[in-house]
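> Sequence first, predicted coordinates after that:
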Amino acid sequence: MDLDKLINDRIRDVPDYPKPGVLFKDITPLLADHVAFAGVVDTIVNHHGRGTIDKIVGIEARGFILAAPVAYHFGAGFVPVRKKGKLPAATLEENYDLEYGAETIEMHTDAFDPGDRVLVVDDVLATGGTARAAVDLVRRGGGDVVGLSVLIELSFLDGRARLGDLDVHSLVTV
Ligand code: AMP
């Protein structure tokens, strides 16, 4: 079966979740299909090539699920970016605006060695606020961000415009 078709078929659209007007991209059917899940991980690794990345940053919470196997297959380390208050040691933090309200994400100050080549991974790129904040955190922490890989890009929200000339790689563009 065609991998792109399989991946698309395993993403479930849930209307009006978590609030009216949002079409939520539910990746749980994809995660439950080992061929689709492995295909996503392999596609992300192949886009960059093994040995080109030192650390994979995953964004809480669905980003963790994709980023951890990607890190394993790259032969790279894994670094979590989490919602405020979840990480135990000293952190850097970034604030960003959501459609309603604001969000703060954090990362440990010692997550990187100087010059570490870093790939940021998340499930969905929507407005780009989350990815922008994560990229800024990595750079402040001494990492060299080589790209952002997302499973799904909501292109009508133009999140990639907030990421400058970064290599933004998406498997599914809506
Ligand atoms: P944004 O900061 O607007 O790019 O939003 C990205 C974050 O919100 C990602 O971590 C996604 O998990 C989540 N997200 C935003 N929109 C959706 C959507 N339509 N379906 C699923 N997750 C979404």
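Looks like it came in fine.
> where along this protein do the helices fall?
Assigned by DSSP state H, the chain shows helices spanning 3-9, 28-31, 34-48, 62-74, 129-140.
> If you count contacts, what does the first one end up packed against?
For helix 3-9, the helices and strands in contact under the criterion 3 or more CB pairs under 8 Å, 6 or more residues apart in numbering; DSSP states H and E are helix 34-48, strand 168-173. In short, each C-beta sits where N, CA and C put it, glycine included.
> residues from the chain in reach of the ligand?
With CB under 6 Å from any ligand atom as the criterion, the chain comes near the ligand at residues 22-25, 59, 62, 122-131, 159.
> Buried only: go through these for me.
25, 59, 62, 122-131, 159 (16 or more other CB atoms under 10 Å).
> Can you flag which of these belong to strands?
Using DSSP state E, the members of these that fall in strands are Lys25, Ile59, Asp122, Asp123, Val124, Leu125.
> For the nearest residue to the first one once chain neighbours are set aside, give me its contacts.
If I follow you right, that is Lys25. Using CB to CB, 6 or more residues apart in numbering and skipping the chain neighbours, the partner closest in space to Lys25 is Ile152 (5.1 Å). Going by CB atoms under 8 Å, 6 or more residues apart in numbering, Ile152 touches Ile11, Lys25, Ile27, Asp123, Val124, Leu125, Ser170, Leu171, Val172, Thr173, Val174.
> wait, the fifth one sits on Val150?
Yes. Applying CB atoms under 8 Å, one finds Val124 in contact with Val150, separated by 6.4 Å.
> Now do Tyr100 against Arg82, distance only.
Distance check for Tyr100 against Arg82: by CB to CB, to the nearest Å, it reads 21 Å.
> Pick out whichever of these two has more residues nearby.
Arg82 (18 against 6; other CB atoms under 10 Å).
> residue contacts, that one?
Going by CB under 8 Å, 6+ apart, Arg82 touches Glu60, Ile105, Glu106, Met107.
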